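> Below are the sequence and a predicted model for it; my questions follow.
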Amino acid sequence: MQSLGQVFAHPQVGFPLLSLLVFLPMAGAILLAPLRNEVALRCCALTVAFIVFALSLLLPIFFQSGTSDMQFVEQVRWIPPIGASYHIGIDGISLWLVCLTTFLSFLVVLHAFYGVRKHVRAYLMTLLVLETTLLGVFIALDMLLFFLFWEVMLLPMYFLIKIWGGEKRDTAALKFVLYTLLGSVLMLVGLIVLYLNHREITLAQPFASSLSSGASFDYLDWLKTPFPMQTQIGVFLLLFFGFAFKVPMFPFHTWLPDAHVEAPTAGSVLLAGVLLKMGTYGFLRFSLPLLPLASELFAPWMLALAVASILYGALLALAQDDMKKLIAYSSISHLGFVILGIFSFNTKGLEGSLIQMVNHGISTSGLFFVVGFLYDRRHTRLIREYGGLSSRLPILATLYLLISLSSMALPGTNGFIGEFLILSGAALHDWRYAAIAMIGVFLGAAYLLWLFQRTMMGPLSHASNALLSDLHVGEIGVLGALLIMVFWVGLFPAPFLSRMEASTGFVAARMVSPATTRSVVEAAPAAP
């Protein structure tokens, strides 16, 4: 008799939980189409988002720690002639990113329940479709399927910015799509090169079947393929542009501030909370395990770009007069820490990077929610328009301060766990990068405290601020849910780290023995 955990998680017996998670939001969006009553629309969308979030909690509950194998696996033949299949599953790397996506998607739908008045049905449908595409990126194990989810994600985010954005939304939406498409085209070329190399190497093996074409888009098959050094170098560079534009890393970041400033609150939350993690996830999931020699070769450049992103983003954040732009540049700095940990090539750095992806999604989403709440009341994001709000909005000021402390990595909050592990891993790899990155920690505290001081402290600076109302129950619920995660991860991180340990250890193991890997790779035949 199998346990309930085996029924859910076992690759062969599994209940199709992941498929349900991915396509239930899409089904919910279709269900909203014929509805005309706004109350029914909001209730239906909120119910669907909550069910998806509740179902995603089954993943960590039944996840089997201590193994790097994929779990909750589903696989169906899709396009057999080219070796493509509907193959999905999760491990310790994707587990918490899936949960983060469903959590933030529920919160943005909850915010939309009372905070959106324009094209309500289309807005809610767009959010649900976006949730489907984001989840698909993190669970796809077939590289063609992964790329389809990656590309389709552009459409709902484009419309979120284009229709519900600010005054310059047209330019921001177009810039977002063009930059991302440029990186995606190069990434697609890299995937095709790996596909063709895998086919040639597989057919050249002595055990290759004469009946097999050797073609496969399966990530797990590619993991077993010793790609030659020259292939790894070329593909690493191609994938680099796809992932670096999405992070975004310096100097590929210029689309991000515009997109954040013009996007509605939900767009900013999902953009910072989840979409940016697609790039760092790509480096961790694909670049390191598939291309270990090239990753080692380019590591000094990646670490240099990481610390440049940390310092550049932090310094530009200090120079902003728009709250959203400040938080956008802070994301560039924070995700520079994630890249730093990934290319440290050790378990501490990798675990720190992965948990920091989740931490950044929580804390930065909270900051964007705070800005959105203020914008709903004053219709301005300029820092100089605020001041002394703590006397008028004590609940908002208190919750905002706690989220800011999380973002600046105060001990006891989630941000401290991630940054401590990242800096520890970076110091083990090369202490100089860790030392430079520490400057970014102090700059982060400076711009976050500076923003809080100018908006919340002192006397009321404008008469309009005296008329503002404090947070209502729904807004308190949104920030309260985020703060629960801030202190849960910060004070009791073991449940999160234990479930990712085996998977990050697997990636680190592929990097710690480059001599062995190199001998295997150089002995493999190169594709013509």
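Structure received. The model shown is predicted, which means the values in this text are computed figures rather than measured ones.

> Flag the shaky bits of the stretch 1-150 of the chain, pLDDT-wise.
Applying pLDDT under 70 to the stretch 1-150 of the chain flags residues 1-14.

> Spell out the residue ranges of the helices in it.
4-9, 17-32, 38-56, 58-62, 95-115, 120-139, 143-152 (DSSP state H, counting those that start in this stretch).

> What of the stretch 401-528 of the chain?
414-429, 431-456, 473-491, 494-511, 514-523.

> Which among those is found nearest to Val307?
helix 431-456 (4.7 Å; CB to CB). All C-beta atoms are positioned from the backbone trio N, CA, C, and that covers glycine.

> can you give me the offset of that closest one from its chain's centre?
22 Å (CA atoms, centre = their mean, to the nearest Å).

> Likewise for stretch 139-159?
Worked out by CA atoms, centre = their mean, stretch 139-159 lies 13 Å from the chain centre.

> Could you do stretch 172-181 as well?
Centre-to-centre, stretch 172-181 and its host chain are 18 Å apart (CA atoms, centre = their mean).

> Show me what that stretch is in contact with.
154, 157-159, 161-162, 165-166, 245-246, 248, 252, 254-255, 258-259, 261-263 (CB atoms under 8 Å, 6 or more residues apart in numbering).

> do that again at 7 Å, thanks
Leu154, Met157, Tyr158, Ile161, Lys162, Gly165, Phe245, Lys246, Trp255, Asp258, Ala259, Glu262 (CB atoms under 7 Å, 6 or more residues apart in numbering).

> Go through those and name the one nearest Val193.
Distances from Val193 to the contacts of stretch 172-181, taken by CB to CB, are shortest for Phe245, at 18.7 Å.

> Remind me which helix or strand the closest one belongs to.
For Phe245, the element it lies in under DSSP states H and E is helix 229-246.

> just for the stretch 201-350 of the chain, where's the confidence low?
In the stretch 201-350 of the chain (pLDDT under 70), the answer is 205-214.

> and if we set it to 80?
Scanning the stretch 201-350 of the chain for pLDDT under 80 picks out the ranges 202-215.

> Please, where are all the helices along it?
Counting by DSSP H, counting those that start in this stretch, the helices of the stretch 201-350 of the chain are 219-223, 229-246, 255-262, 265-270, 276-282, 288-290, 292-318, 323-342, 347-378.

> Quick one, which of those gets closest to Ser105.
Across those, closest to Ser105 is helix 265-270 (CB to CB), at 7.2 Å.

> Could you export that closest one as PDB, CA atoms only?
Output in PDB follows, covering the C-alpha atoms of helix 265-270 (Å, rounded to 0.1, in the frame of the first residue of the first chain):
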ATOM      1  CA  THR A 265       0.900  47.300  -9.100                       C
ATOM      2  CA  ALA A 266       0.200  43.700 -10.100                       C
ATOM      3  CA  GLY A 267       2.500  44.000 -13.000                       C
ATOM      4  CA  SER A 268       5.300  45.400 -10.900                       C
ATOM      5  CA  VAL A 269       4.800  42.700  -8.200                       C
ATOM      6  CA  LEU A 270       4.900  39.800 -10.700                       C
END
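
> which other residues reach that helix?
Under CB under 7 Å, 6+ apart, the answer for helix 265-270 is 104, 108, 111-112, 115, 127, 130, 157, 160-161, 260, 324, 365, 368-369, 372.

> Please report the distance of Phe23 from Leu141.
Phe23 is 16 Å from Leu141, where distance means CB to CB, to the nearest Å.

> Please disregard the earlier target; I meant Ala427.
34 Å.

> and if you look at Glu131?
The value you get for Glu131 to Leu141, if CB to CB is used, is 20 Å.
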